[in-house]
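A.B. asks: Turn this into a structure:
(2 chains)
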Amino acid sequence: MSPRPGFVLEVDRSTPPTLFWHGEGFHLERLPVGSRVIYPPEPLPALTDPDAAIADALEHPLGDTPPLRALLRGGMKLTIAFDDVSLPLPPMRAPDVRQRVIEAVLDLAAEAGVDDVVLVAALALHRRMTDDELRHALGERIFNAFAPHDLLTQHDAEDPDNLVHLGLTDEGEDVELNRRAVESDLLVYVNINLVAMDGGHKSVATGLSSYKSLRHHHNVRTMEHSRSFMDRHHSELHTSNWRMGKLIAEAGVKVFQIETTLNSNTFPEQFGFLQHREWEWTWKDRAGFAASSKALERTPPELARRIFHSIRSPHQLTSVQAGEVGPVHDRTLEHVHRQQLVTVEGQTDVLTMGLPFISPYNVNSIMNPILVACLGLGYFFNLYRGRPLVREGGVVIMSHPTPWAFHPVHHPSYVDFFEQVLSETTDLHEIEAKYENAFATDPWYVHLYRTSYAYHGVHPFYMWYWCAHALSHVSKVIVVGGDRAAVRRLGFSPATTLADALEMAEDVVGRDPSITHLHAPPLLIADVQ
Amino acid sequence: MPVIADSLAGTRIAVTGATGFLGTALVERLLRSVPGCEVVALVRPGQQLSAAERTRREIVRNDCFDRLREELGDRFEEEIGRRLFTLAGDVARDGLGLDDDGRALLAGCDVVIHSAATVSFDAPLDGAVEVNLLGPSRIAEAIREVRGTGAPLPHLVAVSTAYVNSGHKGDAAEDLITASRWLSMPAWRGEVRHARRARADVEAESRTPERLKEFHARARRELGAAGTSLLADRTEHVREQWVTDRLVQLGRSRAQGLGWPDAYAYTKSLGEQALLETRGDVPVTFVRPSIVESSLAEPRPGWIRGFRMAEPVIISYARGLLSQFPGVPEGTVDVVPVDLVVAAIIAVAARGPDAAGPCVFQIASGARNPLRYGLLVDLIQQWFSEHPLYDNRGQPIVVPDWHFPGRGKVQGQLRRAVKLLSGAERVANQLPIRGERAEFASRLEERRAGAERALDYVELYGAYAETEARFRIDRTLELFDSLDEEDRARFCVDPAVVDWQHYVTEVHLPSVVEHARVRTKPGRRTLASRETRATQAILSDEPRIAVFDLENTLIASNVVESYAWLATRHRERSERARVVGQLLAEAPRLLALDRRDRGDFLRSFYRRYDGAPAARLRLDGCELWSDLLALRAFPDGLARVRRHRLLGHRTVLITGALDFVVEPLRPLFDEIVAARLGEEGGRFTGELVAAPPTGEARALLVEEFARCEGLDKGQIVAYADSTSDLPMLEAAGLPVAVNPEAKLAAIARRRGWPVEQWSRTKGAPARPLAVSGLRAGLRSLAK
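C.D. replies: Residues are numbered from 1 along each chain as shown, chains lettered A, B, ... in the order given. Next up, the predicted model:
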């Protein structure tokens, strides 16, 4: 039986309550009759033999490029870059896709007698991965073969000696990349395309670049003109990355792109109720929900966080394609859309969403208030194609505990951004003009980014810019069940219950508004007609 | 009889104790109301100020002279210069310590009013004896000595106290002390001898090994491991305080044993006795006021100087610190306004000595117009209900109801409270608490000090509220009646004119509240502004050097934890448990050693690094920061360091932690002073290359840094959390106590140092035990 496509439910009297994520927990909410709930398509079937599929993709590349085997020769310099800890979410069960692909690439390299191979984690301005995380993503074998010899590296966007300026694009954008990647005879990039934003030229142009380069597309103007950044053809962010990709190719950097897609099999068996539609819950789902929500009520937040972050997702590979960046990415997007696209008729006055415990930037970490804003207004709001789910001037209601909590190692600049910047203003343009440079060049943040496990000093700004489109589009953002002070600091309105939040929303959008709930994760893209 | 001004015209009047409450009023009144006289103020030269300068600053500039200054206008300075002379001398010294000019000046005096006294009721016995007992005799002797043979001797008016004769119930007549039926007078010479010996004895006892050990222990309890020099200072201070307390106690016991309320009345009565015996031909008159309080009308209603007896009791009550004061409601509190006392003294001086020999004038209200204790309490309670004082948070303080308990009961309650609070304080000081909890502990100290003070008041002044002697003032009234009408209006001495309700509520209380530095307005303005000012001084854009301690100032961790992490990083899980178990077992010993001497502790602890691979530990230092220390860091603290750097200040980290452990903090500091281990063949030796900077060494280091930068003490900012850093904090002009432990919290509170409460990042992952790889272990369990 083929998996059922996505589905838009209209709530009626007989509809059971709807599951809302709420950080490290979830609850059931009764939506008003007439509300819509958008469910993602069911998980696509996995490739039956992933290793064979990978080998096949490497043998039969897309676009104008010979097979990988033909590109490899003895004495060459080979660099394999791979996506960092921000993908996939939650981290997948071993073996990770990156491990499978890189092992395949390394086998071919070994056959061809390539002995100068370096692995690079494409961090951009993300935090460095810990040894445990690298071991998980690459597997023991690769880790033990490369790490002791310093051949397993992590991109350092603040190491002037290991960056190369390739020139300016037609639009005057700096392109500065990892020296090893640029100076290699072949750069193989191994990606995981969880959402439509990932991959393509963004992989190399962003993942292996520096602040000097990134600031050309990671800024307020670009984000306001990316509608949405999940739709590459309407995304200024991607247009800029594509220009850079062109320049990189012209500069003679030979990129062999390997992209993979996963199905939406996001949560393990015991959390099955998170994958199923409420009216179809089995007794096992009900029991699972009741047991876990009861248990979580009594669990200290710190422990709950540890439990959730130890979840390993049973994601499975649905496609792998390799070759030239453009054609590869087009094929990848087809697979992503096949898994995530849901047709939705018309926009809504009020968009509700339950935000989970994880975002790309708090793997094994704390989802601080800025990341809450980014996940809701950056990621979830932008999960659309065509028009935004919520109408212009509408209201977004997010459910998340939004604790005033920060990870001191991972997010040091976030603490200061929250305390020093957001306490002054939440205005994007003002923040960008007045504070960005100081944070981006702060030597202490640079030091922590390079030597500890900290996101770059400028990273919280990017998270805030990620909300740019949503903030200019909606007229009110309400957070249900959040820390009131933290929610206010973000410039949003706190509400105790969903019912209160809906009442508050009516003050903005009028009586009896249309309400739509984004039932994610698992992730979906709303194709708004 | 001639009017007072006439009879004193052309005379020269010496006043001793002119810088005191009564003396100032007396000098002013003489200059204002007796225009024809000259006044010679006998003033003790101060340590910094000459006697003349003290006269100018402490007498003439007092607001007592405002009225005269206004009346005379431009002529004020000239008039003062012409009529007020300073005689440098000291009544506690034989011969008054006069020089030739002084003797000449004294020789020209016609009247000497002796009002100098140690009025403090809790003066040490020997001090009170020197001034109160021997003072009057010394004056008489000096008078005889300076006056040439044949010349008339000046009239000595000796101000004493009505309480010299208060040990019995009923009337206390204006009799010479020697004539009192109810007193058992010891021989004054013997008392002097014993008092002087007591000082020597107590001093000697305070220097016995047992006592010195006890004082040292007490200083240590207070300061912790603050270093030898500070502890020595403190120990000596404790010893001196002990000697004083002991002598105060001796005086009180001796006085009460003989039937006087306190050492003041006791020494004063012996002083009267001594004067009668030693005066020779000097004509003497005694004036005995009861409790002298603020003025009724002259120079202005409510004038008062100093803060002595009823005032602190009243303020303590209004602040809610003293909820009970013993006394019977129908008893009499014998209060007399200062201007009535001054008038009586002047009238006595004008009258001249009695031909029949020394006589006594009492000036008190009890027999003529008694102020009942019950009424006084009602008036005070009512007044403070309408005009409450405000606490630190700007909230009005509600005054407690008064129940007129017996003295024994109140003393018992207060003694129990003091005992309980000191016990709690001792416990709190031993506990490893810091931050806001330590703040609470330091408030315990404040509460204990308050209870002690209340107990002191009750023990000292309780007798005054319970005195049942009625001081007769017949002779004084007789003198008053003999005056003409103009003088009676001008020099009123009759307590019958006092309307107590008016006096207490309109005159005295407003004046007391004005003089006490208390908050009379709501709102929290003043406190906030003080903190803001301190922060502004610290974070000013002028050059500064900011010195930080590490442990518990910037990071809630310690060298033991770092060691545990480093020692377990490359070990098997079972071995990790063993290392941690060993450390836990040793914890009490390590803690005790650390408390005793930080330097010794570090030296002995770092031996554990003997043979450790240096290169690997240096690499691990970075991971230690990310895996443990950063989680324990105070973001506000790191932000403060960064703020200093942004302002262009020099930042310095001084720590006993090892250099490779603090290396990740390098970008935050211009200088890092840390402990460094010796190295041989790539392995650590376990011995320190140089002694880690602790205690006074830190202070010297900080001063050296400042000198190199050309900065002075006022430009040094120091941040630390414990009393072991006290020398460093004291070396800085801008010390800041960060998350202070109880002892430092108490010190910071007393000295008004800013206190910062910095905490770890909210919601940061907890690491109950500093074992590396713990998280990975947990994860593997969760799988």
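
A.B. asks: residues of stretch B:404-424 that come out buried?
C.D. replies: B:404, B:407, B:410-411, B:413-414, B:417-418, B:421-422 (16 or more other CB atoms under 10 Å in any protein chain shown). Quick note: C-beta positions are derived from backbone N, CA and C, even for glycine.

A.B. asks: The closest residue to chain B within the stretch 301-450 of chain A in helix, strand or coil?
C.D. replies: Using CB to the nearest CB, residue A:405 is the residue of the stretch 301-450 of chain A that sits closest to chain B, at 2.5 Å. Assigned state for residue A:405: coil (three-state reduction, DSSP: H, G, I helix; E, B strand; the rest coil).

A.B. asks: do the one 4 residues further on as well
C.D. replies: In three-state terms, and counting by three-state DSSP, residue A:409 is coil.

A.B. asks: I'd say it and residue A:452 touch.
C.D. replies: Yes. Between residue A:409 and residue A:452 there is a contact under CB atoms under 8 Å: 6.1 Å.

A.B. asks: neighbour-wise, which of these two wins?
C.D. replies: Applying other CB atoms under 10 Å in any protein chain shown to residue A:409 and residue A:452 shows that residue A:409 carries more neighbours, namely 24 against 19.

A.B. asks: Output the below-cut-off pLDDT ranges for the stretch 301-450 of chain B.
C.D. replies: The model of the stretch 301-450 of chain B has pLDDT under 70 over residues B:308-309, B:432-437.

A.B. asks: ugh, wrong one, the stretch 501-650 of chain B
C.D. replies: B:523-531.

A.B. asks: For it, just list every one of the strands.
C.D. replies: Secondary structure of the stretch 501-650 of chain B (DSSP state E, counting those that start in this stretch): strands at B:545-548, B:650-658.

A.B. asks: Need the winner for burial among those strands.
C.D. replies: A comparison of the strands of the stretch 501-650 of chain B by mean neighbour count, using mean count of other CB atoms under 10 Å in any protein chain shown, puts strand B:545-548 on top with a mean of 26.

A.B. asks: pLDDT weak spots in chain A?
C.D. replies: Scanning chain A for pLDDT under 70 picks out the ranges A:1.

A.B. asks: What residues does chain A have near chain B?
C.D. replies: Within chain A, the positions near chain B by CB under 8 Å from any CB of the partner chain are A:132, A:301-302, A:306-307, A:310, A:312, A:366, A:403-409, A:412, A:415-416, A:419, A:443-444, A:447, A:451-453.

A.B. asks: let's go with 7 Å and repeat that
C.D. replies: A:132, A:301-302, A:306-307, A:310, A:366, A:403-409, A:415-416, A:443-444, A:447, A:451-453 (CB under 7 Å from any CB of the partner chain).

A.B. asks: Buried ones only from those, please, as a ChimeraX command.
C.D. replies: Buried residues among the residues of chain A next to chain B (16+ other CB under 10 Å), as a ChimeraX selection:
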select /A:301,306,310,366,403,404,405,406,407,408,409,415,416,444,447,451,452,453
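
A.B. asks: Out of the strands of the stretch 501-650 of chain B, which gets nearest to chain A?
C.D. replies: Closest among the strands of the stretch 501-650 of chain B, using CB to the nearest CB: strand B:650-658, at 11.4 Å.

A.B. asks: Pairing partners for the closest one, with directions?
C.D. replies: strand B:545-548 (parallel), strand B:671-675 (parallel) (DSSP bridges).

A.B. asks: can you pull the contacts of the residue minimising distance to the centre of chain A?
C.D. replies: The centroid of chain A falls nearest to residue A:360 when counting by CA atoms, centre = their mean (4.6 Å). Residue A:360 is in contact with A:86-87, A:89, counting by CB atoms under 7 Å, 6 or more residues apart in numbering or on different chains.
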